[in-house]
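Asks: Dropping a prediction and its sequence here:
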Amino acid sequence: MAPNFRFFATVLLLTSTGLFLRIRTVDEVIPPRQSLASFPQQFGTWMGTDVSISPDVVRVLGPGDFLFRNYEDTSHSASAVNIFAAYFPTQRVGATIHSPKNCLPGAGWQPLDSTRITLFVPGRAPIVVNRYLVGKGSTRALVLYWYWAHNRAVANEYLAKFYLIEDSIRMNRSDGSLIRATTEIQKSESIADAQLRLTSLLQQMIPRLDAYIPR
């Protein structure tokens, strides 16, 4: 009974969220921001290179602003860190945030382990993020991701939906984003090594997000 209850509760939540956002007709507040295309390409010894997103993927994602970039630490020969950021100015019609737990299996990555960790960023409150270990054949990759809106980081996608409704009522805003960092785990390193690589870049990047994802 419990799995069925959770399933129907999830369907009800997602359906009610969509209906609420569609029927709310007051002109929405969409704050000014910089395009993610201008997000810094260098953070210390990290250098970024943009990766193209196929038109088919863009159509699935819907109308939004996207960053898809590989950052390499020029002081080490470790794997690159892929950063995917998706910002939607509105989620009322035609756009919504897709969970990596749905997108990654669609790209051939199989889930191996899922947990949460706390990310410490200078000058900010600690951020709880999802830690997702995936595999494709003999390749393993580590993923950290969370939902980010109005200076609020949320790991749980259903809680993010609740906040979406609350902010739409309180602030007349439905904008939001997903931040995802991925790195392949080399055979000579541990999961902890890969996690340190992800967090070391994210700790430098997160303070710069406000200009691109408004508070």
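Replies: Cool, got the structure.
Asks: quick one: the helix or strand containing Leu198 to chain centroid distance?
Replies: Assigned by DSSP states H and E, Leu198 falls within helix 191-205. The chain centre lies 15 Å from the centre of helix 191-205; the measure is Cα atoms, centre = their mean, to the nearest Å.
Asks: That helix: which residues count as buried?
Replies: Ala194, Gln195, Arg197, Leu198, Thr199, Leu201, Leu202, Gln203, Gln204, Met205 (16 or more other Cβ atoms under 10 Å). For the C-beta atoms, the positions are set from N, CA and C on the backbone; glycine is no exception.
Asks: what's near enough to touch the last one?
Replies: So that's Met205. Phe43, Ile83 (Cβ atoms under 8 Å, 6 or more residues apart in numbering).
Asks: Just checking: what are the partner strands of the host helix or strand of Thr182?
Replies: Assigned by DSSP H and E, Thr182 belongs to strand 176-184. According to DSSP bridges, strand 176-184 forms sheet pairs with strand 81-88 (antiparallel), strand 139-149 (antiparallel).
Asks: what's the angle from it to helix 191-205?
Replies: With axes from the mean of the first three to the mean of the last three Cα atoms, to 10 degrees applied, the angle from strand 176-184 to helix 191-205 works out at 140 degrees.
Asks: Could you shift the numbering so residue one becomes 25, and keep it that way?
Replies: Shifting the count to begin at 25 puts that one at strand 200-208.
Asks: what's strand 200-208 in contact with?
Replies: 102-112, 115, 121-122, 124, 163-173, 184, 188, 218, 221-222, 225-226, 233, 237.
Asks: hmm, back to that, mind giving me a markdown table with the strands paired with strand 200-208 and columns for mean neighbour count and distance to Pro146?
Replies: Below are the strands paired with strand 200-208 laid out as a markdown table (neighbours: other Cβ atoms under 10 Å; distance: least, Cβ to Cβ, whole Å):
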| stretch | mean neighbour count | distance to Pro146 |
| --- | --- | --- |
| strand 105-112 | 22 | 19 |
| strand 163-173 | 21 | 17 |
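Asks: Tell me which of these sits nearest to Phe67.
Replies: strand 105-112 (10.3 Å; Cβ to Cβ).
Asks: going on from the closest one, what's the next piece of helix or strand?
Replies: helix 124-130.
Asks: list the helices and strands that following helix packs on?
Replies: strand 134-143, strand 151-160, strand 163-173 (3 or more Cβ pairs under 8 Å, 6 or more residues apart in numbering; DSSP states H and E).
Asks: Give me the mean pLDDT for the last one.
Replies: In this model, strand 163-173 has an average pLDDT of 96.
Asks: With the second one instead?
Replies: When pLDDT is averaged over strand 151-160, the result is 97.
Asks: What's the local residue count around Cys127?
Replies: Burial of Cys127 is recorded as 16 neighbouring residues (other Cβ atoms under 10 Å).
Asks: For it, give its distance to Arg57.
Replies: Look at Cys127 and Arg57: by Cβ to Cβ, to the nearest Å, they are 24 Å apart.
Asks: can you check Phe112 too?
Replies: Plainly put, Phe112 is 12 Å away from Arg57 if you go by Cβ to Cβ.
Asks: between the two, what contacts are shared?
Replies: Going by Cβ under 8 Å, 6+ apart, no residue sits against Phe112 while also sitting against Arg57.
Asks: if we can go back for a sec, I'd like the strands paired with strand 200-208 laid out as JSON lines, including distance to Gln210.
Replies: Below are those laid out as JSON lines (distance: least, Cβ to Cβ, whole Å):
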{"stretch": "strand 105-112", "distance to Gln210": "13"}
{"stretch": "strand 163-173", "distance to Gln210": "9"}
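Asks: Good, wrapping up.
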